[in-house]
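Q: here is the input, now give the coordinates:
(chains A, B, C and D)
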2 protein chains.
Amino acid sequence: MDLLFKALRDPTRRRILEMLKQRDLTAGQIGAAFSMTAPSISYHLDLLKHAQLVSSRKKGQFVTYSLETTVLDDSLGWILDLLKKGKRK
Amino acid sequence: MDLLFKALRDPTRRRILEMLKQRDLTAGQIGAAFSMTAPSISYHLDLLKHAQLVSSRKKGQFVTYSLETTVLDDSLGWILDLLKKGKRK
DNA sequence: GCTTTTATTAGATATTTAGCTAATTAAGCA
DNA sequence: TGCTTAATTAGCTAAATATCTAATAAAAGC
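A: Below you'll find the model as predicted:
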């Protein structure tokens, strides 16, 4: 839960997730959308990976990233639970 | 959106929200649940307030905090949208 | 009016974070 | 075998964050 919210805290990472929602993208394609160096993007991708929000596979020299939604269910559950406030016992 | 995820990033703040889900609590009651000084708790409460996740009202010397769920809907929407991944056009 | 209680504000500080440049790894290609 | 391209790792740094102590504010009770 902590890694997840940590990952979602940063606007760059949130935008990356939104991009990956549309289609899988290579690290380079993602980086092209930001005015930020490649290592910085790499850093964000690594963090998203640790949070299990994305997965990656290497094809030749390229590394393609995909959105992983499984973990998002957890956060959804957590938030939904708070929203059930009115219905507490 | 940024203030919201910023607020949710910290475990102490998430736990405060969970507590306030059960019932409204004063700053002191909240603080009692943590091994942390009152000013630190005050800091977290202020941050939650800025994110509009809680509201507060003063009654005598006490300040009571309540969970505010309106803003949570936004985050819910954002996450749900990512989960619609499979259905992208 | 003073003292106690509840809470916040101010100021200091160690840690974490997000960015950069430089160096490295690994694959493709001439 | 080199050179180029794609991406990551290493090392550095400024800014943000979470914590503390000390000081202040404001209400309650003697």
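
Q: work out for me the element the residue in chain A that DNA strand D sits nearest to sits within.
A: Nearest residue of chain A to DNA strand D, counting by C-beta to the nearest atom of the strand: A:G28, 2.2 Å away. Every C-beta, even on glycine, is put in place using the N, C-alpha and C of the backbone. If you go by DSSP states H and E, A:G28 is part of helix A:27-32.

Q: now swap in A:K6 and tell me
A: Using DSSP H and E, the element containing A:K6 is helix A:2-8.

Q: checking A:S56 next. Helix, strand or coil?
A: strand (DSSP: H, G, I helix; E, B strand; the rest coil).

Q: if you could redo that for A:I16, that was the one I meant.
A: Strictly by three-state DSSP, A:I16 counts as helix.

Q: you'd agree it is up against A:S42?
A: No: A:I16 is beyond contact range of A:S42, at 11.5 Å (criterion: C-beta atoms under 8 Å).

Q: which of those two has more neighbours?
A: Between A:I16 and A:S42, A:I16 has the larger neighbour count (other C-beta atoms under 10 Å in any protein chain shown), namely 26 against 14.

Q: any part of stretch A:28-40 near chain B?
A: No: Stretch A:28-40 does not reach chain B (C-beta under 8 Å from any C-beta of the partner chain); its nearest approach is 15.6 Å.

Q: next one: that stretch to chain centre, how far?
A: 15 Å (C-alpha atoms, centre = their mean, to the nearest Å).

Q: gap between the helix or strand of chain A with the lowest mean pLDDT and the chain center?
A: Ranked by mean pLDDT, DSSP states H and E, the weakest helix or strand in chain A is helix A:70-83, scoring a mean of 93. Taking C-alpha atoms, centre = their mean, one finds the center of helix A:70-83 at 15 Å from the center of the full chain.

Q: compute the inter-axis angle for it and helix B:70-83.
A: 160 degrees (axes from the mean of the first three to the mean of the last three C-alpha atoms, to 10 degrees).
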